[in-house]
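>>> sequence-free structure coming up:
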């Protein structure tokens, strides 16, 4: 791939909490229209990496470049407007608002240029994830799986260059999971949005993603095509523990 | 000893309670909005109300401006002043995890405003008396004081206005979202300082309305503000935080409670009864009397 299609580039990101080095020199690139899986054992630093990318945490060192622009240290709301959308492991939709109001908020404030077609953008996003019929329902009354779809719709409504998905399948049953995967793929195909995807279900990631990066204790230990990753001894070791000597 | 009042007096008590209670309600709506995004009780709200009561008093005494005309001006001043207070005093503290800093700033602001008012206007009680101050309507023999009726109508308009703002405008929807989850809201591209300054503007604008109302119906002094904000907090406890109409209703219920208890039990008891109710609600229904508790998923 040529360098122009790089959507986001992380350069030697370091983050430490007290004495704990959570991220050490993490480099990562995601290209246009690419779905990249981010896997690793618990505590590997995956969610921290997302929090750094969305500027909830400021990295101790290193730079984040979105479409070639250095966005390190900008406030979170600006980063969203510049094109990074994210969903949460524990869904954070607004329960006391209607489904449409949720999507509308994302469309109005998340897009770089405004609110002109916000309503239409929000409707289209709901249509794409299949929530259009439920648009007037209160969010507190829809199922967890619908709320996850709503978060996807909200991320799409902000017209991002890249969407960060934090365990979007957690708590979903197999048929809901299949539906969600279809929606993610549709979002990518129709909008050409890049996706960076944290997932615990390693098999799903290996089946579904174009590329997979593996974090372990804050270090990126592998980055490549799914079949390379599946056979990488370092990855197997990270997941199964060190072999006995 | 309970007296048995005749029906006229009873109705009079109800009307006075309702009409006075709307002022608590208006103050409580402001508290509720500010609490929604800032997570603090804006304790200076009462002092703001008194400040605007003095401003309308000045408009009346110095410029001869009728309070119901200066009301519009004062609401505009309140909106701007509120946003100014946020940007000048709270902006830095709002970003901190520890909300006590913001709370302390509010307390400091309250004392500062109280004392400045004492310097400017002395501690003597003031009130605005216009040609219609003692005007009373008597539909079907029931006396309704004109000033209190106006206050009630203005409060209804203000509440409806706030509700429409929260429901129909983009920034209003953002304020509701921010009250649920401020961090998630910033990750959707909303500037937290924007929603915070909007709630401060509206809260202080509402304080302007309550201030004008107060100045027209009740003698006030600089230190009345603290009692007023306590009453607004009781109204909020009754109505439930985050519920605009509930806050107004809470204020009205509190007004009724005070009016009835001061008649039936004795004048000195009305405050004791309201604080007693406050504690009881906080102990047994901390989410508010009128809120169906929504369990989070």
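Thanks, I have it. The model shown is predicted, which means the values in this text are computed figures rather than measured ones.

>>> host element of residue 41?
Here I'm looking at chain A. Assigned by DSSP states H and E, residue A:41 falls within no helix or strand.

>>> Excluding covalently adjacent residues, which one is nearest to residue B:154?
residue B:209 (6.1 Å; Cβ to Cβ, 6 or more residues apart in numbering or on different chains). Using the backbone N, CA and C atoms, a C-beta is placed for each residue, glycine as well.

>>> Close to chain A: what parts of the stretch 51-200 of chain B are there?
B:170, B:173-174, B:176-177, B:180-181, B:183-192 (Cβ under 8 Å from any Cβ of the partner chain).

>>> ok so, going back, quick check: the residue nearest to residue B:154 vs residue B:106, distance?
Distance of residue B:209 to residue B:106, given as Cβ to Cβ, to the nearest Å: 20 Å.

>>> Neighbour count for the two, which is higher?
residue B:209 (27 against 23; other Cβ atoms under 10 Å in any protein chain shown).

>>> hang on, the more buried one packs against residue B:75?
Yes - judged on Cβ atoms under 8 Å, residue B:209 makes contact with residue B:75 at a distance of 6.2 Å.

>>> circling back to that earlier point, can you tell me which of the residues of the stretch 51-200 of chain B next to chain A end up in strands?
Among those, none falls in strands (DSSP state E).

>>> Is it possible to mark the buried ones in those?
B:170, B:173-174, B:176-177, B:180-181, B:184-192 (16 or more other Cβ atoms under 10 Å in any protein chain shown).

>>> which of these lies closest to residue A:64?
Checking these against residue A:64 by Cβ to Cβ gives residue B:187 as the nearest, at 15.0 Å.

>>> Touching, that closest one and residue A:76? I think so.
Yes - counting by Cβ under 8 Å, residue B:187 touches residue A:76, with 5.5 Å between them.

>>> least trustworthy helix or strand in chain B by mean pLDDT?
None of the helices or strands of chain B scores lower by mean pLDDT, DSSP states H and E than strand B:136-137, at a mean of 82.

>>> I'd like to know which elements it is packed against.
For strand B:136-137, the packing partners by 3 or more Cβ pairs under 8 Å, 6 or more residues apart in numbering or on different chains; DSSP states H and E come out as strand B:144-145, helix B:146-168.

>>> The residue nearest to residue B:154 and chain A: what is the separation?
According to Cβ to the nearest Cβ, to the nearest Å, residue B:209 stands 26 Å off from chain A.

>>> picking that back up, point out the most buried one among the helices and strands packed on strand B:136-137.
strand B:144-145 (a mean of 19; mean count of other Cβ atoms under 10 Å in any protein chain shown).

>>> Can you tell me what sits against it?
With contact meaning Cβ atoms under 8 Å, 6 or more residues apart in numbering or on different chains, strand B:144-145 is reached by B:15-16, B:19, B:134-138, B:217.

>>> quick one: which of these is most hemmed in?
Neighbour max across the contacts of strand B:144-145 (other Cβ under 10 Å) = residue B:19, 24 neighbours.

>>> Remind me which helix or strand that residue belongs to.
Here residue B:19 is assigned to helix B:7-38, by DSSP H and E.

>>> relative to helix B:146-168, how tilted is that helix?
For helix B:7-38 against helix B:146-168, the angle by axes from the mean of the first three to the mean of the last three Cα atoms, to 10 degrees is 30 degrees.

>>> for helix B:7-38, packing partners?
helix B:45-63, strand B:144-145, helix B:146-168, helix B:170-180, helix B:192-217, helix B:224-239, helix B:244-264.
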